[in-house]
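K.L.:
Sequence plus predicted model, see below.
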Amino acid sequence: MMRLRIQRTALPRNALILTDTPRPDCRDCDGVGGIEHDYGDYETGEYAGTDWEPCLCSTEWRVILLPLPHLPRWLRRRPHVPDPWGPDGYSDEPPF
């Protein structure tokens, strides 16, 4: 049985997606959806990275429901805000 939820994703494009949720009472992954395995270097024994093993209680199933539009370029720009500590910001004469 799938436990569906709606998520917002930004990569590769802004969109609303429908995805599967891991089973919250899973004994293998504790509801995370996978199990992390740390591994070390054979020669030094120090930490070398982490592997991720997906759990059987969830799937990597995703469907795009609605692509979200990009903001127009003129809305993405921020107006120039002067530096409050700079010469064109606040006065340095008392009272501050």
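P.N.:
Alright, I've got the coordinates.
K.L.:
hmm, who's touching the one helix or strand Tyr39 maps to?
P.N.:
In this assignment (DSSP states H and E), Tyr39 forms part of strand 34-40. By Cβ atoms under 8 Å, 6 or more residues apart in numbering, the list of residues contacting strand 34-40 from outside reads 22, 28-29, 46-55, 58. No exception for glycine: its C-beta is placed from N, CA and C like everyone else's.
K.L.:
same thing but 10 Å
P.N.:
22, 28-29, 46-55, 57-58 (Cβ atoms under 10 Å, 6 or more residues apart in numbering).
K.L.:
Report the distance from that strand to the chain centre.
P.N.:
Distance of strand 34-40 from its chain centroid, counting by Cα atoms, centre = their mean, to the nearest Å, is 20 Å.
K.L.:
next SSE after it?
P.N.:
Counting by DSSP H and E, the next helix or strand C-terminal to strand 34-40 is strand 47-54.
K.L.:
Just give me how far that next one sits from the chain centre.
P.N.:
Relative to its parent chain, strand 47-54 has a centroid offset of 19 Å by Cα atoms, centre = their mean.
K.L.:
Cys55 and Asp20: what is the separation?
P.N.:
When distance is defined by Cβ to Cβ, to the nearest Å, Cys55 is 11 Å away from Asp20.
K.L.:
Now the common contact residues for the two.
P.N.:
Common neighbours of Cys55 and Asp20 (Cβ under 10 Å, 6+ apart) are Gly33.
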